[in-house]
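A.B. asks: sequence-free structure coming up:
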């Protein structure tokens, strides 16, 4: 189940749902445990791969390459330019680059009409519920309607 909260935009005053996460962040150890359950590798092997994945991605992307991981998606760097644009192409230089960002595009599957039918890591059966609300089936009848509020949302 995914959660959202109601937020009002300052720029236009309109209200929108904003997705939120809750609970403690899932750790590399927990991911390694799940990978070990789903495959033939040990927890230690899975953990070692996870720990080294960032370095390997960085190595290839620093060479100006894009990295595609089947079942996950594509990673690549983009340059973040400072706000000081120049008038001609001859004036453009690397000194205008203020930073580097990592971009990620989830893997997609397309039908014969090139329409996206599935995205990796996006479950098509996500059930959205407003944060702090309790569904009728999980309400214990004591009037407490804080559902899921045991743990703080670290991002919101």
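C.D. replies: Everything's here; your move. These figures come from a predicted structure and were not determined experimentally.
A.B. asks: Can you check the pLDDT for the closest residue to residue 106 other than its chain neighbours?
C.D. replies: Closest residue to residue 106 in three dimensions, ignoring its sequence neighbours and counting by C-beta to C-beta, 6 or more residues apart in numbering: residue 73, at 4.2 Å. C-beta here means a position set from N, CA and C on the backbone, and glycine is covered the same way. pLDDT, the model's per-residue confidence, is 90 for residue 73.
A.B. asks: At which residues are the strands of this protein located?
C.D. replies: In the chain, the strands defined using DSSP state E lie at 2-8, 15-20, 67-69, 73-81, 97-106, 108-110, 116-119, 128-130.
A.B. asks: Return the angle between stretch directions for the fourth one and strand 97-106.
C.D. replies: What it means is strand 73-81. Counting by axes from the mean of the first three to the mean of the last three C-alpha atoms, to 10 degrees, strand 73-81 points 160 degrees away from the direction of strand 97-106.
A.B. asks: Likewise for the first one?
C.D. replies: Computed with the same axes, to 10 degrees, the direction of strand 2-8 lies at 130 degrees from that of strand 97-106.
A.B. asks: one step back: least reliable of the strands of the chain going by mean pLDDT?
C.D. replies: When those are compared on mean pLDDT, strand 116-119 scores lowest, with a mean of 68.
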